[in-house]
Structures are given as structure tokens and as C-alpha cells.
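A.B. asks: Starting from these lines, generate the structure:
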Amino acid sequence: MFGATSQTPEDHGPPPQAGPPPPTSASIRRYDVERSCIRCHERKVRCDKATPCMTCVRAKVSCRYPGPERTKRRSQKTSSANRLEVLERAVAAINSSPPAGTSATGPSPPAPGHQQHQHQQVMPVGSQGHTPIDPAAAPQLPPQPAAPGSKDNRSESEHSGGFLLKEGASTRYINEFTFSRVLDKQGELQSAIDTPESNHSSDGKQLSTVGFDGLFSSPQVSSADFFSLFPTRWQATQLWQMYLSNVDPLVKILHVPSVQPNLFAAINNPKDTPLDMSALLFSIYFAAVTSLRPHELQIILGQGRQAALNTYQRGLELSLNLGEFLDSPTITSLQAMALYLMCRRNSNSGRSGWILNGLLIRAAQSIGLHRDGEQFNLAPLDIEIRRRLWWQIMGSDGRVAEDHGLSAGPTGGYDGFCDTKLPTHIDDRDLSPNMPAPPQSQPRFTEMTHFLVASEMGQSLHQINQLSALNSPNKMSKLEQYLATVKTRMEGQYLQYCDINIPIQKCALLLGRLLLGKSEVFVRQQSLRGLNAEQSAARATEDMLALACDTIELGIEMKTDELLNNFQWLFSTFTDYHLLTYLLWHLCVRPETVGVDRAWGVVDRLFKLVQTQGWPTPGSKWNVLGKLREKAADIRHAVKFQAERAMARSMAAAAAATAADLATVPPKQQAPAAADLQQQHVDQQQQQAEQQRQAEQQQQQQMQQQQMDQDMLDAVNGTVPMFFPDGYIWDLDTLVIPEWGGYQSGYQMS
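C.D. replies: Predicted coordinates for the structure are as follows:
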């Protein structure tokens, strides 16, 4: 039969392996032995093995027991033929993979049997250029650092595969290093994130949410219903002007001089407009509505924000669906989708945004946006538009991934094969459809400055994250050297040209400073890897605390500066998760450091800002940060209480010493008469008895206070929990933030 291959008895592969041996009585007994709950086992205290145990009941925490131990599986015996077969499959997979693995010296030779496939020509994708490209002729990328999990470059912290939380019938995967380690060790914090997102905020206010379902369904809609979704021509032109004022300076994916004529033609005659242009129109309307304040929406549209968002989202979905976006995406439809997802995050912070962004990346790769347009002989304008669109998609993917504790890259972005260059630092007027040569980067502030600041710093943060995962003896020096290079480049190319009196230029300056500060905090934190809890707490310096406060204050200024009101729709979605996590950890392990009052002021301002009416919900990670803030506040109050008690003891001791000194000075008295001697003797006996009673009472109070101090010290050292009169249990052992190894004895009790 065609396609079938004959096999000899030797070709059937190795004989089936024997199944696992039956369990022995010893293994059964091991599983049947009652074990302490996880909390009692970690604290090394006796557990009554009840469900729940009394220790956990008193501590008011969940009581969990470990499952049965896993037995090590026997390694299967493999023959030489099996090993050879595995190696052949690996070699075939390597030779058939994309050129991401090519070295800096040149491409690897193709494996036998793949010559024809390797020499197939690839036709260019784009509006111009018809020269076929040989993949072997493509310029080679510089070698990238090894993956964090590789054998030769294993992370010092042994990067795990992530953390999985159960959410009813679903699960939540988290692989961001700091956040996943916190949740892995802090069981009580998991309850803040392991529930599905609600449509209500913590204070009970209804939150606006924007779903997305029309793209994946086949809606039955009439032409009249579809065209009824378009605004009037006056409304459309007003929304376009709002887009140019509030959105385009920040999300620079459109070349306004070339797209504006087509856009106005579509506004005047929507019935003859291509579906991908209709999708772009609706995404522009959606973005403009997102950026406007309620009273402005009433003036232009005469309706509320949610109704307008639903209308234009519906129009976008129908346009993409009818235009077969998933099967035949275009540059215009990808621009519409990228713009929509960027603005949708303001109304919906759920995981659907990250999932949809992954779909967008795949659609962009399907038309070759991850390959630079210069290789396809495209016109300079087309090359720049493709670059802008690709790096907008990459930046959006990184931001939405951070909302949910995920590392950007698995969808083929930063970590996938990509040679698309960053856009050129120019204004739109420097580009034209018929220009013969690409424009040169301009040494001044341009319309692309803000976009390039965000894109380049996104690249740099990703590179810093990759370098920090390497197990190298001079890793810190490499990180510091790379960070210095980034600072020099950002200052020299972009930030020096920013004028703080001009809104968009101030935006670029603040954003650049914020991202540079975030990078520096992240680099300094790498020195904490491999240290124990006490060493980590000792390196929580005042300089680090001040740097984190300075950087967070830049973000607060971006969100509150009246000069930047037109851009608050985007800045409100910037949440300083990493910096805030470090700040709260510092306040836990060093609650009496110089500068903690300023740090608490920054924390309180940021939380109040996020909880202010009108700000969008910041994502599930915020709930965990809220719990960490409560822990830090409890430690602060406990330390303050202990200091006040110590001061009270000191004052009482000073008063007692003064009274004793006064008692030793005999008063000047005249010689008593003979009749008064007996009464004086009685009075002295009573006074001595009263002094003895007071001394015994004072000694008893001192013993009680010493016991309370010992209880406090035991709680700090993680020996026993401490119960306060209000029922709160202070137990610093539960405050371990695993990235830094936890806290044992960061400060000494007086």
C-alpha cells in the first residue's frame, strides 16, 4: 500500500517496559502515617492532626496537610538504537526550525534530506517589492543569552516553571519571578488572587467592563444594523480630532498624513469603505471615547462612556469578522486590533486582554511583521509603518502580561525570532509615500520620541531580566555596565531634548526617568540572590528605599499632573507592581529605617490613587499587594507599640529612682517629746510595710513586662505567634517574601 513501510521484527522498537512494581507494605505504611499540617511542620510545633488543627484555628489561617510522598520513578533502560532515534529526531527538529538559532558567524548547514526545503524562496509580504528573498541571505542577528533554564546558564534561584492556582473549573498560571515566589510561600495571600475577577471593586462600585466575543462568532446582522453603528459625520470628525490630541501622541502607530485622506473618505461614505478600514475607524472611535471625560462625551455624542464603548466595540468586531481577520489579516486590520487592545485595558484588566494580544501577535507574524521590511524591498513608508505596528504590539503584550504575573515572550515576542528594527526617530512629515530613501534619525524631540522611549526601555528591561537569570560570577558587573549603557543612550538620544513645559515632552521625560529607575532597582535587587534572610535585610539600604520612592513618585506625578490630563486614560493603567513590592518588603524587614515615613506616605498616596473613583481596576495582583501592605502596617504598629512601652518603662524607672532618692533624705525634725515616741514607732512600722508592699507590686509588674517583651521577641524570631488584645496575631514567620529569603532578625528589641 502507498505510504506504508514494511518492518522487520527488529524494527518494532524495544520490548515494552515492565510496569511499576506493586507497592510494598513499607510504602503503604509510609502513606498511612499521620503527618503534621504544613504550617505546624514549617514552624516545628506540635500538631494535633485534626482537621483543622487547633494551632491553625488559633492563628486564624487555613490548615492544609501534605499529600502522599512521590516515589521516584525508575529510569527506563534505553538501548543504543533508542538513543540514536532520539538524536536523529532532535537533529531533524533543529534543522527544520526557523533561523533563530543561527550563530553570529553564519547559518548552520542544512541536514541531509532538507536541501530542497532550505532553498525554497520566500515571497515578500507588503504592498511593494517583488524580489524573492532567500532566508540564508538574511542578515544574522547577534547571539542572544542562553535561556534561563538552560544547563550551562541556570539561574541562581532555580527558576521554576511557574505557579498554578486553581480557580474553580479553571486555573491561573503565574511565572513572573517575584510574584510567583511570593504566592508560592504565602499561602494566605493566594486567596486574594485565586478567585475569578469580579465586576465590582473592593468598595462595591460597579466597574465598567468590555468583553469581546464578536470576532469568534458568526453574527447575523443586516446592513442597516451594521451602518447604524457609525457616528454622524460631525461626531466622527470630532472623535478624530480627540484621537489626534489624546491618543496619537502616545500610541504612534498611524502615519497621519497618509491615512487621513482615506479616513475622511470613509467617514463621508461608510458604505463603500473596505472592512479593514471600517475596523480602523471603529477602533479610533473606541480610543477617542476612552480618552474623553464624561462631560466631553455628552457634548460630542450625547451618551455615556459605557454605551459608546459598547457601540464602537460592536462595530469593530463585526468589521473584523466580516473581513475575515483571522484568515486574512492586513496592516490596517492589525492597526485596528492593536489600537483597540491598547485602549481596552483601561476598561477591562482581565486575562482576556493578554490572550487576545497573543492572537494579535500570531496574526502579525502571519504577515511577517516580525521580519524587518528592508529585507522585502518595501518602500520606506511601509517599512516604518510595519515597525511601528510590531513594536506597539510587543509593548502592549509586556504591559498586559505584568498585570497577571506573567513574563512577556512565550507568544513569540521578545524571546521569539524577530529582526524587526525599532522605528526611526522622526516626525510624520519626514515620511512620504514616494520618498526614494529611508529618512535619517533626527537629533531633537520628534513625534516618535515618547513611543521610542517606551519601546527601547521595554527591550532593555527584558534584556536585564535575561542577564539576571545567568549563573555567572561577574553577573552584577555585567548588569551594572549594561544599565549604564542604557542610561547614556536614553539621555543622549531622547531625554535631553524634552521640555517639561510641553505636555507630551514632559510625558516622555517622566516615563524615561521612571523606567530607568525601575531598571536600577531591579538590577540592585540581584545582589540579594543567594543570601539568607538576615543578610538580605541588612542590604535593604536607605539608598534603595529612597530610589524606589523617587521612582514611584514619578509615576504618581504622571497620574496627577494637571498638565497631562489628556493622557490620564493611559497613565492610569501604569501600575508600579515591582517597585511597590520592593517598597512593602523593605517596610516589613526594616520598619525603623531612616526614610520609612516618606515611604509610607508614597504607599498611601499610590493606594489612594488607585482606589479613587474613576480609576480602572488595576488587576488581580493589586489584591496581593494590598495584603502585603496590611502586613507591613501591622509590623509598624507593633514596633511602635513596643517602643512606647519601652519609653513608659524608662519613665517609670526614672520616677521610682527619684522617689527613692527623696526617701533617703531624712527631714529636719525637732527632738520628739517622750509622749510621741510610741506613736512615731507605730507610724514607721506602717510606712515600712507600705514600702515593702509597693516594692513587691513593682517587682511583679516588671516580671510581667519582661514576659511580654519575651513574647514579642519570640514572635519576631518566629518562635511563637503573639496574640494582641484585639485578636490580631503577629507572626513574622508568615511574612516571608521568598525573593529575598524572608526575615529572621532584622532588628533587635531593646
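A.B. asks: Number of residues surrounding Ala537?
C.D. replies: Neighbour count for Ala537, taken as other C-beta atoms under 10 Å: 23. (Each C-beta comes from the backbone N, C-alpha and C, glycine too.)
A.B. asks: how close does it sit to Gln694?
C.D. replies: To Gln694, Ala537 is 43 Å away according to C-beta to C-beta, to the nearest Å.
A.B. asks: do the same with Gln241
C.D. replies: Distance from Gln241 to Gln694, by C-beta to C-beta: 84 Å.
A.B. asks: same for the helix or strand Asn321 falls within, what does it pack against?
C.D. replies: Assigned by DSSP states H and E, Asn321 falls within helix 305-322. Applying 3 or more C-beta pairs under 8 Å, 6 or more residues apart in numbering; DSSP states H and E, one finds that helix 305-322 makes contact with helix 275-291, helix 294-300, helix 331-344.
A.B. asks: quick one, that helix and helix 275-291 angle?
C.D. replies: Here helix 305-322 runs at an angle of 160 degrees relative to helix 275-291 (axes from the mean of the first three to the mean of the last three C-alpha atoms, to 10 degrees).
A.B. asks: State the mean pLDDT of helix 305-322.
C.D. replies: Averaging pLDDT along helix 305-322 yields 94.
A.B. asks: Can you mark which positions in it are buried?
C.D. replies: Neighbour counts over helix 305-322 (16 or more other C-beta atoms under 10 Å) mark 305, 308-322 as buried.
A.B. asks: Okay, now the unreliable bits of the protein?
C.D. replies: When residues are selected by pLDDT under 70, those of the chain lie in 1-34, 67-220, 405-416, 530, 613-620, 661-676, 704-750.
A.B. asks: other SSEs contacting the longest helix seen in the chain?
C.D. replies: Ranked by residue count and defined by DSSP state H, the top helix of the chain is helix 621-664. In terms of contacts (3+ C-beta pairs under 8 Å, 6+ apart), helix 621-664 is packed against helix 177-185, helix 577-589, helix 596-611, helix 677-716, strand 729-730.
A.B. asks: now with 7 Å?
C.D. replies: For helix 621-664, the elements it packs on are helix 577-589, helix 596-611, helix 677-716, judged by 3 or more C-beta pairs under 7 Å, 6 or more residues apart in numbering; DSSP states H and E.
A.B. asks: Please identify the deepest-packed of these.
C.D. replies: With neighbours taken as mean count of other C-beta atoms under 10 Å, the helices and strands packed on helix 621-664 reach their highest mean count in helix 577-589, at a mean of 24.
A.B. asks: report the angle between the axes of that one and helix 621-664?
C.D. replies: Inter-element angle recorded for helix 577-589 and helix 621-664: 20 degrees (by the same axes, to 10 degrees).
A.B. asks: can you dump the C-alpha coordinates of helix 577-589 into PDB?
C.D. replies: Extracted C-alpha coordinates of helix 577-589, given in PDB (Å, rounded to 0.1, in the frame of the first residue of the first chain):
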ATOM      1  CA  TYR A 577       3.900  46.400  40.700                       C
ATOM      2  CA  HIS A 578       7.600  45.700  41.000                       C
ATOM      3  CA  LEU A 579       8.600  48.900  42.800                       C
ATOM      4  CA  LEU A 580       5.700  48.700  45.200                       C
ATOM      5  CA  THR A 581       6.500  45.100  46.100                       C
ATOM      6  CA  TYR A 582      10.100  46.000  47.000                       C
ATOM      7  CA  LEU A 583       8.900  49.000  49.000                       C
ATOM      8  CA  LEU A 584       6.500  46.900  51.100                       C
ATOM      9  CA  TRP A 585       9.200  44.200  51.600                       C
ATOM     10  CA  HIS A 586      11.600  46.900  52.900                       C
ATOM     11  CA  LEU A 587       8.900  48.200  55.300                       C
ATOM     12  CA  CYS A 588       8.400  44.700  56.600                       C
ATOM     13  CA  VAL A 589      12.100  43.800  57.200                       C
END
